[in-house]
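Undergrad: only the shape, not the letters, is given here:
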């Protein structure tokens, strides 16, 4: 067993000795952020660049901290000091070896077991960050938390790859599944109806994905190859719907304490690095790959904007393009865009004539709303547009969309 130097949080200065001025700090994002250790780093470094993927509220937000990301979370959204690096998620790890070299990597891990720790619920881009940081002589420090589940795959990190560890008991972020509203149920039922026995699933978290998963309780032999999963997949596993011979594969997790307890030391679950889970060639090799994503807007050319609002970055590409391409190339696969036909907060149609924002993705298999299913793939552009108007758009906007379709040469 290789020992790791364990420090008290008051000794954070020792761990950061020798770090260059204005360093780049990469920290676990999503829902695995090591809050106590990150706050200590922030109190120690007067100026630095903080890179986090899908940062949640609470990340340092002060003068002297430049926020960096390739997927904007609520903790960085609309911040004036934000620097956004557009990238498919599958390619983000390459940035650490080129334009975004890390000087410090701050991890959230399990406590040590047999000379290793586990990244637990958040692997994603972190293995690449660790490798790039060590290659250039940077510091890798970890908040070792007894509450973090020990997961397998690329989550396992040798203690020799850590410079310092800080034993900190901190509650993990959790998510409680809520009863989906009627619109989400309608969309979820339409998507679920397209999922065959033996399909491989990719979907995120939220009312619509939860409704989809709830609608799959009668299926058999399902598989999971996704960026993340939550309690909906656990329910399918416990209901005997999953293929027992195929590991449940993701790059991060977010859910209830029951989910975290279930994945702890569970060889059924593999948490892999983004370069693997989001590699289109690997995605395409999955049988009946069914990718379910969403968008802010979809136009009559089946172009989707899932990233920007009034030209300002809202989120990012994420893995949408990776999974759409992979699913479309899978034998029997399908890439579905699932969204409400009408945005309740903005009070506007989500099906529009022509996207005037940068396009996130285009040409999925089908677009699904509570109104119906608009088949896209394999049809000519006029039929695609007609399907979007007749089956996906809200009835109140259809006449206007037909007029716009004529102007665009689609009717």
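TA: Structure's in. What do you need? Since the model is a prediction, treat every value here as computed from it, not as a measurement.

Undergrad: every contact and neighbour count from this point should use C-alpha atoms.
TA: Will do.

Undergrad: quick one: residues contacting the residue positioned nearest the centre of the chain.
TA: Of all residues in the chain, the one closest to the mean position by C-alpha atoms, centre = their mean is residue 227, 5.4 Å from it. By C-alpha atoms under 8 Å, 6 or more residues apart in numbering, the residues touching residue 227 are 202-204, 250-252, 274, 277-278, 319.

Undergrad: work out for me the element residue 386 sits within.
TA: helix 381-387 (DSSP states H and E).

Undergrad: what does residue 321 give?
TA: helix 320-328.

Undergrad: picking that back up, for the helix holding residue 386, packing partners?
TA: Here helix 381-387 touches strand 372-375, going by 3 or more C-alpha pairs under 8 Å, 6 or more residues apart in numbering; DSSP states H and E.

Undergrad: turn the contacts of residue 227 into TSV, including distance to residue 50, pLDDT and secondary structure.
TA: Converted to TSV, these look like this (distance: C-alpha to C-alpha, whole Å; pLDDT from 0 to 100; DSSP: H, G, I helix; E, B strand; the rest coil):
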residue	distance to residue 50	pLDDT	secondary structure
202	29	97	strand
203	28	91	coil
204	25	84	coil
250	25	98	strand
251	21	98	coil
252	20	97	strand
274	20	97	helix
277	24	98	helix
278	24	97	coil
319	21	93	coil
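
Undergrad: ok, of those, which one's closest to residue 172?
TA: Distances from residue 172 to these, taken as C-alpha to C-alpha, are shortest for residue 252 (13.4 Å).

Undergrad: show me what contacts that closest one?
TA: Neighbouring residues of residue 252 by C-alpha under 8 Å, 6+ apart: 121-124, 227-229, 271.

Undergrad: that one and residue 24, how far apart?
TA: 23 Å (C-alpha to C-alpha, to the nearest Å).

Undergrad: before we move on, what about residue 91?
TA: Plainly put, residue 91 is 19 Å away from residue 24 if you go by C-alpha to C-alpha.

Undergrad: more crowded one of these two?
TA: residue 24 (25 against 17; other C-alpha atoms under 10 Å).

Undergrad: please, where are all the strands along the stretch 101-250 of the chain?
TA: Assigned strands in the stretch 101-250 of the chain, in chain order: 104-109, 116-118, 139-144, 152-153, 156-158, 164-167, 200-202, 223-224, 228-229, 248-250 (criterion: DSSP state E, counting those that start in this stretch).

Undergrad: helix, strand or coil for residue 83?
TA: strand (DSSP: H, G, I helix; E, B strand; the rest coil).

Undergrad: which non-adjacent residue is nearest it?
TA: The spatial neighbour of residue 83 that comes closest, neighbours along the chain excluded (C-alpha to C-alpha, 6 or more residues apart in numbering), is residue 68 at 4.9 Å.

Undergrad: the one you found belongs to a strand?
TA: Yes - counting by three-state DSSP, residue 68 is part of a strand.

Undergrad: who's in contact with it?
TA: So residue 68 contacts 49-52, 82-85 (C-alpha under 8 Å, 6+ apart).

Undergrad: likewise residue 56?
TA: With C-alpha under 8 Å, 6+ apart as the criterion, the residues that contact residue 56 are 29-31, 73-76.

Undergrad: what about 7 Å?
TA: 30, 73-75 (C-alpha atoms under 7 Å, 6 or more residues apart in numbering).

Undergrad: out of these, who's nearest residue 314?
TA: Nearest to residue 314, judged by C-alpha to C-alpha, of the contacts of residue 56 is residue 73 at 8.1 Å.

Undergrad: number of nearby residues for residue 207?
TA: Neighbour tally, residue 207, other C-alpha under 10 Å: 18.

Undergrad: I figured it hits residue 184, correct?
TA: Yes - contact criterion C-alpha atoms under 7 Å: residue 207 and residue 184 qualify, at 5.9 Å.

Undergrad: domain parsing of this protein, as residue ranges.
TA: With domains defined by automatic domain parsing, the chain comprises 5-167, 182-407.

Undergrad: who does residue 201 bridge with?
TA: Following DSSP bridges, residue 201 is listed with bridge partners residue 224, residue 290.

Undergrad: which residues touch it?
TA: For residue 201, the contacting residues are 223-226, 289-291, by C-alpha under 7 Å, 6+ apart.

Undergrad: switch the cut-off to 6 Å
TA: 224-225, 290 (C-alpha atoms under 6 Å, 6 or more residues apart in numbering).

Undergrad: who wins for neighbours among those?
TA: Within these, residue 290 tops the neighbour count with 32 neighbours, counted by other C-alpha under 10 Å.
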